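Engineer: Need a 3D model of the following:
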Amino acid sequence: MSKSHVVVVGGGVAGIACADELAQEGLKVTLIEKEPEIGGWAADYCCKATDRCNRCFVCVADKERNSLQLESKVTFQTNQMVHGVERNRSGYLLKITDRVKGVEEDVHADAVVFATGFTPFDARKKGELGYGRYPDVITGLDLERMLRNKGNVFKPSDGEVPGKVAFIQCVGSRDESIGHLYCSKACCAYALRMARVIRAQNPETEIYFYYMDIQPAGRNFDEILSACEEDPKFYFVRAIPSKIYQYYQKKGLMMRTLESRRGEIDEIFFDMIVLSIGMEPNKENQGLWDQIGLENGSEGFVDPLSSPEGIFLAGTVSGPKDIERSIMDAKQVALSVMKFLEGKG
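Structural biologist: Predicted coordinates:
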């Protein structure tokens, strides 16, 4: 088995964790990533610690990436795209194109792990929420990048610290109008943790959290939720916002919501609004899935039960997961790969 070669396609959290686990067992691993650097979406995520670690697992993802880059048994091929997979008697032949040089090559693999991830929901598809039109309507991913790169929250329009922030949950998830009936599973957790960071850094900022229901995810989620519920400037509102406006003669964003308990329309002004966007299936590899024989499940993500022998799926390619669950899934997949290769003799 030590002479076996495994190709891991996708250099995000799951691909990194899977490649590292396989390399630790002495296998030769090639990690193929379409971007110039490995890390995936998590490379943009911020640490969500306040006065203590809040177990968001961003630091774990960073450590896994740094550790893997020192692993001698792993070959990194960045700026590369897999555009073909052919079965042969000894495994698979992957057809790979260098996105910069345009050079093509064939790479043999005894087993292939696809960890090609998800696509963040494009909030512009929900035009009534004003993303892309009003600068102070941002997504959760925008806020992640802001906190990671700048260290604090500020209004994109003027650079000021917002005094009143709304988080809107389930943007792109659990939405029949766009055909996404599934929960993205990570949004409530990341939004609550980032809201806690904002409150810790800016004690005068008020947080309003708009939700349908709150989905637990990850370790110490109940502690995070309880801390938010006990915060006197943290307000939970069970309501679905229907429209966001900006009156140019008055600063701020006006949000219209239907308050579920009273059945009345509310209009409230905010300095900044954060849309907690969910995950969509990564559609760019659909042609590859068709070629291999992989099928999509009811939610549009790849069904792992459709994988042919020697092909494995890790992380969010098979459905929404947070960082912790993506890492756990990737390590489990690595064990399955090793068991498969042992069976080949």
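Engineer: Where is the longest helix in this structure?
Structural biologist: Using DSSP state H to define each element, the chain has its longest helix at helix 323-344.
Engineer: Show me which residues of it are buried.
Structural biologist: 323-327, 329-331, 333-334, 337-338, 340-341 (16 or more other Cβ atoms under 10 Å). Bear in mind the C-beta positions are built from the backbone N, C-alpha and C, glycine included.
Engineer: Just name whatever secondary elements it is in contact with.
Structural biologist: helix 13-24, helix 58-68, strand 111-114, strand 311-313 (3 or more Cβ pairs under 8 Å, 6 or more residues apart in numbering; DSSP states H and E).
Engineer: In the stretch 151-300 of the chain, where is pLDDT below threshold?
Structural biologist: 259-261 (pLDDT under 70).
Engineer: Kindly export the longest helix of the chain (C-alpha atoms) in PDB.
Structural biologist: Taking Å, rounded to 0.1, in the frame of the first residue of the first chain, the C-alpha atoms of helix 323-344 are listed here in PDB:
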ATOM      1  CA  ILE A 323     -15.200  23.200   9.300                       C
ATOM      2  CA  GLU A 324     -15.200  20.700  12.100                       C
ATOM      3  CA  ARG A 325     -17.500  18.200  10.300                       C
ATOM      4  CA  SER A 326     -15.600  18.700   7.100                       C
ATOM      5  CA  ILE A 327     -12.300  17.700   8.800                       C
ATOM      6  CA  MET A 328     -13.900  14.700  10.500                       C
ATOM      7  CA  ASP A 329     -15.500  13.600   7.200                       C
ATOM      8  CA  ALA A 330     -12.200  13.900   5.400                       C
ATOM      9  CA  LYS A 331     -10.300  11.800   8.000                       C
ATOM     10  CA  GLN A 332     -13.000   9.100   7.700                       C
ATOM     11  CA  VAL A 333     -12.700   9.200   4.000                       C
ATOM     12  CA  ALA A 334      -8.900   8.700   4.300                       C
ATOM     13  CA  LEU A 335      -9.500   5.600   6.400                       C
ATOM     14  CA  SER A 336     -11.800   4.300   3.600                       C
ATOM     15  CA  VAL A 337      -9.200   5.000   1.000                       C
ATOM     16  CA  MET A 338      -6.600   3.000   3.000                       C
ATOM     17  CA  LYS A 339      -8.900   0.100   3.500                       C
ATOM     18  CA  PHE A 340      -9.700   0.100  -0.300                       C
ATOM     19  CA  LEU A 341      -5.900   0.100  -1.200                       C
ATOM     20  CA  GLU A 342      -5.200  -2.700   1.300                       C
ATOM     21  CA  GLY A 343      -7.900  -4.700  -0.400                       C
ATOM     22  CA  LYS A 344      -6.200  -4.200  -3.800                       C
END
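Engineer: I'd like to check the angle between that helix and helix 13-24, please.
Structural biologist: Relative orientation of helix 323-344 versus helix 13-24 (axes from the mean of the first three to the mean of the last three Cα atoms, to 10 degrees): 40 degrees.
Engineer: mean confidence for helix 323-344?
Structural biologist: Averaged over helix 323-344, pLDDT sits at 95.
Engineer: again, but for stretch 134-149
Structural biologist: Mean pLDDT, stretch 134-149: 97.
Engineer: hmm, who's touching that stretch?
Structural biologist: Residues from elsewhere that reach stretch 134-149 (Cβ atoms under 8 Å, 6 or more residues apart in numbering): 41, 44-47, 120, 123, 129-131, 153-157, 162, 171, 187, 190-191, 194, 197, 244, 246, 253, 271-277.
Engineer: how about that stretch: buried residues?
Structural biologist: For stretch 134-149, using 16+ other Cβ under 10 Å, the buried residues are 134, 136-147.
Engineer: likewise stretch 217-229?
Structural biologist: Ala217, Gly218, Phe221, Ile224, Leu225, Ala227, Cys228.
Engineer: Perfect, that will be all.
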